[in-house]
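**Student:** Build me a model:
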Amino acid sequence: MSRIGRKIVAIPSGVTVTVHGATVQVKGPKGEMNITHLPMVAVAQEGEALRVSRIEDTKQARAAHGLTRALIANMIKGVTDGYEKRLEIIGVGFKAQLKGKNLQLLLGFSHPIDFAIPAGIEITQDEKNKNLLTIRGCDKQLVGQTASVIRGLRPPEPYKGKGIRYIDESVRRKVGKAAAGAAAGKAA
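**Tutor:** A predicted model of the protein is given here:
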């Protein structure tokens, strides 16, 4: 049996979970989410907990067992606490500015980039440092995808480190031509 799928998903107070056939709906203080699971998996509510079980014992059913349990647990965590990713914009003249439902980014291109903020996502800037962005939402996949798309607009380059990176990301730096030539000249 799947080790993840065997675990019972606890339902905290303030969260309402309803199971209708293959649809599981979760409502909480941060929002509302639902999922339609595969027919080879069954979800049952037992008081203040959810139990996910397999109907058949195939390779796909074993994979779906743990996946379904993890998705439901992520939904419950999302509607109670929410998810967050933090990005940092590094570079001379690189800026971000919130304009309504858009995020305008100046990233060294000849034109500003207008990024439409998806529904269910909230982007905020730090008060002191406007180049620190915080992306929040109740959908773990959507928060991660939004952060990845914004980072992909100008990923950090290895020579000067300019670009958009996650706060906890470390960028491996390379030695440039001048330093490599100087080092080669000293060795001779």
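
**Student:** can we go C-alpha only for contacts and neighbour counts from here?
**Tutor:** OK.

**Student:** residues contacting the most centrally placed residue in the chain?
**Tutor:** Centroid-nearest residue in the chain, with C-alpha atoms, centre = their mean: residue 144, separated by 1.8 Å. Residue 144 makes contact with residue 85 under the criterion C-alpha atoms under 8 Å, 6 or more residues apart in numbering.

**Student:** lowest-pLDDT helix or strand in this structure?
**Tutor:** The weakest-scoring helix or strand in the chain, judged by mean pLDDT, DSSP states H and E, is helix 177-187 (a mean of 62).

**Student:** shaky segments in the protein?
**Tutor:** 1-2, 179-188 (pLDDT under 70).

**Student:** Which strand runs longest in it?
**Tutor:** Determined from DSSP state E, the single longest strand within the chain is strand 83-90.

**Student:** got the buried residues for whichever strand or helix holds residue 63?
**Tutor:** Using DSSP states H and E, residue 63 sits within helix 59-80. Using 16 or more other C-alpha atoms under 10 Å as the test for burial, helix 59-80 gives 61-62, 64-80.

**Student:** what's the angle from it to strand 83-90?
**Tutor:** 80 degrees (axes from the mean of the first three to the mean of the last three C-alpha atoms, to 10 degrees).

**Student:** Mind jotting down where the strands sit in the protein?
**Tutor:** Remark: strands assigned in the chain by DSSP E are 9-10, 16-20, 23-28, 31-36, 41-45, 49-54, 83-90, 95-99, 102-106, 113-116, 121-125, 132-137, 163-166.
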